[in-house]
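Student: Build me a model from this:
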Amino acid sequence: MGFCIMKFTVYHNPRCRKSREVVQFLQEKGLSFDTVKYLEQSFDKNTLGEVLKKIDKKPSEILRKNEVLWKKEYSSKDLSEYQILQLLVKQPKLIERPIVTTKEKGVLARPIEKLMEFLNNE
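Tutor: Predicted coordinates for the structure are as follows:
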């Protein structure tokens, strides 16, 4: 399969079970990838914007709406996509994970079956 020679980037939260499953899956498949612990290496607006383009999602589509922080401080506000993007940069805990990208494409790999489908289409 063509994806075997691709280089992947996993935007990863080691405390997240789903994120750990994706890393383990890629390791078991022998695929080469870099890990970005986005809670430690924060996104800037441009980088997160590029990731969103690769995965074909709007900021609101990767927003963790069940997070206490969102519910307490932001859910009652009418935020634009740009404002949500700014919020995700400021509060990366609110970003849904894991996200897996290549140089040109990507996928929000939750559930892991979405990653499997992405790999099969590459």
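Student: Return the backbone torsion pair for the spatially most central residue of the chain.
Tutor: The C-alpha lying nearest the average C-alpha coordinate of the chain belongs to Ile99 (Cα atoms, centre = their mean; 2.7 Å). Dihedral angles phi and psi of Ile99 (degrees, to the nearest 10) take the values phi -120, psi 130.
Student: Next, find the distance separating it from Lys72.
Tutor: If you measure Ile99 against Lys72 using Cβ to Cβ, to the nearest Å, the figure is 25 Å. To be clear about C-beta, it is placed using only N, CA and C from the backbone, and glycine gets the same treatment.
Student: ok, now Glu104?
Tutor: The value you get for Glu104 to Lys72, if Cβ to Cβ is used, is 37 Å.
Student: what about the residue in the chain sticking out farthest from the centre, which helix or strand?
Tutor: When distances to the mean C-alpha position of the chain are computed (Cα atoms, centre = their mean), the maximum falls on Ser76, with 24.2 Å. With elements taken from DSSP states H and E, nothing contains Ser76; it lies in neither a helix nor a strand.
Student: Likewise for Leu88?
Tutor: Going by DSSP H and E, Leu88 is in helix 81-90.
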